[in-house]
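# Provided below for reference: sequence and predicted model.
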Amino acid sequence: MNRNDTIDLLTAIAARDQRTVGEGDIAAWATDLDDVTLAEALDAVTAFNRSEMATRRRIVAADIVTWVRQRRHDQVERDHAASLKADAQAAYREITAGGLDPHGGRRNSPALEELHAEAMTVACPAKPLGCGQPAGERCVRKLATGEVVATKIPHTARWKQATSGAATLS
Ligand SMILES: [Zn+2]
């Protein structure tokens with residue numbers, strides 16, 4: 001705050017606590033509030049006057065400095081939290097844009113799709129490793145209702161068979 005800001009501030013304060021303001025006060029407050037803006041200082045004055053402390057004593061420069069420091073600290077914390085959130089969202093978008101399933105799988109990755117296509121070229125091993133579907137037919141699975149449905153993803157044993165010729169439990 002410069003000299004003019006300090007005069008504005010002390011005028012606002014004097015309007016509340018009827019103090020008299022002299023040149024010495026202006027110089028002292030201007031020095032104490034060197035790195036505080038007038039807007040911040042006025043907010044601090046309002047906060048002070050709305051607090052219980054205002055019933056006991058008059059505001060001093062240290063009240064303003066402390067209040068402004070706390071508010072700046074809170075702002076830094078909020079900015080930090082917001083940037084962490086933005087980072088997480090960006091990472092999520094990157095993962096989903098890359099076709100990766102952020103919830104643990106790589107369901108849509110090109111390599112896996114290729115693997116699934118390759119699995120279709122061989123018959124699925126019989127139970128319990130697979131479902132025994134012939135080459136070219138999608139794997140099937142029995143629902144709890146007894147209904148048999150084709151699955152999107154072939155049995156692990158099937159693509160293992162297709163890629164290595166050996167069906168093993170995964
Ligand atoms: Zn199968």
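Sure thing, it's come through.

# what residues does the chain have near the ion?
With the criterion set to Cβ under 5 Å from the ion, the chain comes near the ion through Cys124, Gly130, Cys131, Cys139, His155. To be clear about C-beta, it is placed using only N, CA and C from the backbone, and glycine gets the same treatment.

# buried members of the residues you listed into ChimeraX, please.
Remark: buried members of the residues of the chain next to the ion, expressed as a ChimeraX selection using 16 or more other Cβ atoms under 10 Å:
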select :124,130,131,139,155
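
# any chance of TSV for the residues of the chain next to the ion, columns distance to Thr11, secondary structure and pLDDT?
Below are the residues of the chain next to the ion laid out as TSV (distance: Cβ to Cβ, whole Å; DSSP: H, G, I helix; E, B strand; the rest coil; pLDDT from 0 to 100):
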residue	distance to Thr11	secondary structure	pLDDT
Cys124	86	coil	92
Gly130	85	coil	90
Cys131	85	coil	93
Cys139	82	coil	92
His155	81	coil	88
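
# next, Arg141: secondary structure please.
Counting by DSSP: H, G, I helix; E, B strand; the rest coil, the backbone at Arg141 sits in strand.
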